[in-house]
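Trainee: Sequence and computational prediction follow.
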Protein chains: 2
Amino acid sequence: MTAFADRLAALVTRRESQIVLGLDPDPLRLWAVAEPAFAGEGTPSERTARAVSAHCLALIAAAGPACVAVKPQLACFERLGAPGIAALGDVVAAGREAGLMVIADGKRGDVPVSAAAYAQALAGVTPGPAGEIQGLGADAFTASPLLGIDALEPLIATGAGVFVLVRTSNPGAADLQDLELAGGEALWERIARIVDDLGVARDCGLADVGAVFGATAAEHLSRARELMPRAIFLLPGVGAQGGRVEDLAPAFAPGPAGGLVTASRSIADAHAANGRGAAEAARAEAERLREVAWSLA
Amino acid sequence: MTAFADRLAALVTRRESQIVLGLDPDPLRLWAVAEPAFAGEGTPSERTARAVSAHCLALIAAAGPACVAVKPQLACFERLGAPGIAALGDVVAAGREAGLMVIADGKRGDVPVSAAAYAQALAGVTPGPAGEIQGLGADAFTASPLLGIDALEPLIATGAGVFVLVRTSNPGAADLQDLELAGGEALWERIARIVDDLGVARDCGLADVGAVFGATAAEHLSRARELMPRAIFLLPGVGAQGGRVEDLAPAFAPGPAGGLVTASRSIADAHAANGRGAAEAARAEAERLREVAWSLA
């Protein structure tokens, strides 16, 4: 099977897009298309999960053509219980049918034996006496490096893309990630070195082990690129969190697929700002982001 | 409602136990009681989830009387898809019916808006047009501090116990957690200070914000207790990972509920070592651990 980085690079080129559509559905803020599902049969959890699924599918249909991947936020599905996990399966399938890569955003990190179970859940299969159980089938996922290299290895061994948290987009990121180590570098720089060590350049020149790097920390992007020349950067924080696509040029230094710009609320809620219909506004905002990012690559 | 720390302290005293029964079910290593479920109706996922549920319920029935809490490892349920989440709900209910606290082990950590979604999933409710959706209903859960204080706050705001990863039990923990900071202390010591800052002493003298501290790093336990005098320590790594209950005395300095000793494989797989039936062996091993830990408190 073609390596994740090579598949992604080919898709970025074909679609001329580095935009990742974040799917963070909030039951209180779904598009109108979700409303009939709320009134259907079943438990609150089942009805809400169907509404969330309808919302996400409409969002993928509207904004997907301008994107290269979808990124479901696992927390938003998990809070709906078992029906939410079924909805997550629907959303993954819809993303794939739309020709998009799927990046599961769960920021998992655990001791090796449990990391292996997460690997099975996200991008593997679980063997057992009743037969193999397919995992979520994500092309890539986010992961936390706090537990160290042995905890990342089972995740990387899946062959999926692994986006390791290096510098996140929230203000609190500074509390630990920016701490200065005894040698003078910041903790995030040390994590960046680990990401670089774990990644192997594929045919496209990029590695399957990437980095989550907040667009809100754009002042550090050149340094991050220096430390991780082969890593694909997943760049959250554009829009609602204050990051600007225009500041992300260093991410694209190794090629167009070197940076993936994630946007969630700025696309899904675009209609609130410009008064158009939700789908039309989402399509326009995703296309606007695509053009700005592509012009930097 | 009584604070988590006070409820836990009362339960530790009543049950004379600080043992947490880890539930990390592997479909390839379930007790014989799970076998009929594998042969039942449904998809591999549904059958395996029922088998996992049967195994965990039998384990709780056998070892629960010597314990104060159950700790399901979320990855082991998530890898079974939506039926696995339903099984997790069964296991939480069974733990509660057995009079045990429930500690959801997912090591979650995300930006504030997503942390709030995890808070709803683990120990809150999710509002929506179809009505409120109940979360897992855990009494406590594990969390990662890598994203900083603003990312921990929504988790702490649930009122549940939050066990923050301070020093984990795997060898790779040293890669980041033991790094020396510019001021001379280790990263884990800095995390310990944050845990101490975030916790408030309840009536029992302990706080709802606790620390995961690997029993494999017992040489640091006295220092950890100095930095976090009010924190409840969740102590994994006893047994299969090499930690010894006998080395954990500093955890219990503030009182019997100051340390919770988690054990998973050493209890569930005790029959492999001593040749007795699975339930009998698990009961005996949990009781042995209970006695050793209680003698230290």
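Mentor: Cool, got the structure. Residues are numbered from 1 along each chain as shown, chains lettered A, B, ... in the order given.

Trainee: neighbours of the residue of the stretch 1-150 of chain A found nearest chain B, just the number please.
Mentor: Closest residue of the stretch 1-150 of chain A to chain B, CB to the nearest CB: residue A:148 (2.6 Å). Just so you know, the C-beta spots here come from the backbone N, C-alpha and C atoms, and that holds for glycine as well. Residues contacting residue A:148 under the criterion other CB atoms under 10 Å in any protein chain shown number 22.

Trainee: check contacts around it.
Mentor: The neighbourhood of residue A:148, defined by CB atoms under 8 Å, 6 or more residues apart in numbering or on different chains, consists of B:168, B:170-177.

Trainee: The same query, at a cut-off of 10 Å, please.
Mentor: Contacts here follow CB atoms under 10 Å, 6 or more residues apart in numbering or on different chains; on that basis residue A:148 touches A:109, A:111-112, A:194, B:168, B:170-178.

Trainee: which of the residues you listed has the most neighbours?
Mentor: The most neighbours of any of these, using other CB under 10 Å, belong to residue B:168, which has 29 neighbours.

Trainee: That residue: what's it in contact with?
Mentor: Counting by CB under 10 Å, 6+ apart, residue B:168 makes contact with A:109-111, A:146-148, A:151, B:107, B:142, B:144, B:174, B:176-177, B:188, B:212-214, B:216-217, B:236-237.

Trainee: returning to that earlier point: so what's the closest residue to the residue of the stretch 1-150 of chain A closest to chain B other than its chain neighbours scoring on pLDDT?
Mentor: Counting by CB to CB, 6 or more residues apart in numbering or on different chains, residue A:148 lies nearest to residue B:172, which is 2.6 Å off, once chain neighbours are set aside. With respect to pLDDT, residue B:172 scores 97.

Trainee: shouldn't residue A:85 be in contact with residue A:78?
Mentor: Yes. Counting by CB atoms under 10 Å, residue A:85 does reach residue A:78; the two are 7.1 Å apart.

Trainee: Between these two, which has more neighbouring residues?
Mentor: Ranked by neighbour count (other CB under 10 Å), residue A:85 and residue A:78 place residue A:78 first, with 26 against 23.

Trainee: Strands of the stretch 51-200 of chain A, start to end?
Mentor: For the stretch 51-200 of chain A, the strands defined by DSSP state E, counting those that start in this stretch cover A:69-72, A:101-108, A:125-126, A:133-134, A:140-143, A:161-167.

Trainee: Dump the ones you listed into CSV; add distance to residue A:269 as well.
Mentor: Compiled in CSV, the strands of the stretch 51-200 of chain A are given as follows (distance: least, CB to CB, whole Å):
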stretch, distance to residue A:269
strand A:69-72, 16
strand A:101-108, 18
strand A:125-126, 37
strand A:133-134, 33
strand A:140-143, 22
strand A:161-167, 24
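
Trainee: Same list (the ones you listed) but as a markdown table, adding distance to residue B:6 and mean pLDDT.
Mentor: A markdown table is the format used below for these (distance: least, CB to CB, whole Å; pLDDT from 0 to 100):
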| stretch | distance to residue B:6 | mean pLDDT |
| --- | --- | --- |
| strand A:69-72 | 38 | 98 |
| strand A:101-108 | 31 | 98 |
| strand A:125-126 | 39 | 98 |
| strand A:133-134 | 40 | 98 |
| strand A:140-143 | 36 | 98 |
| strand A:161-167 | 34 | 98 |
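
Trainee: Which stretches in the stretch 151-297 of chain A count as helices?
Mentor: With DSSP state H, counting those that start in this stretch as the criterion, the stretch 151-297 of chain A has helices at A:173-177, A:187-198, A:221-227, A:265-268, A:270-274, A:278-296.

Trainee: Counting neighbours, which bits of the longest one end up buried?
Mentor: In this case it means helix A:278-296. Under the neighbour-count criterion of 16 or more other CB atoms under 10 Å in any protein chain shown, helix A:278-296 has A:278-279, A:281-290, A:292-294, A:296 buried.

Trainee: quick revisit: how about the strands of the stretch 51-200 of chain A in CSV, adding mean neighbour count?
Mentor: Shown next, in CSV, are the strands of the stretch 51-200 of chain A (neighbours: other CB atoms under 10 Å in any protein chain shown):
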stretch, mean neighbour count
strand A:69-72, 27
strand A:101-108, 27
strand A:125-126, 20
strand A:133-134, 20
strand A:140-143, 28
strand A:161-167, 28
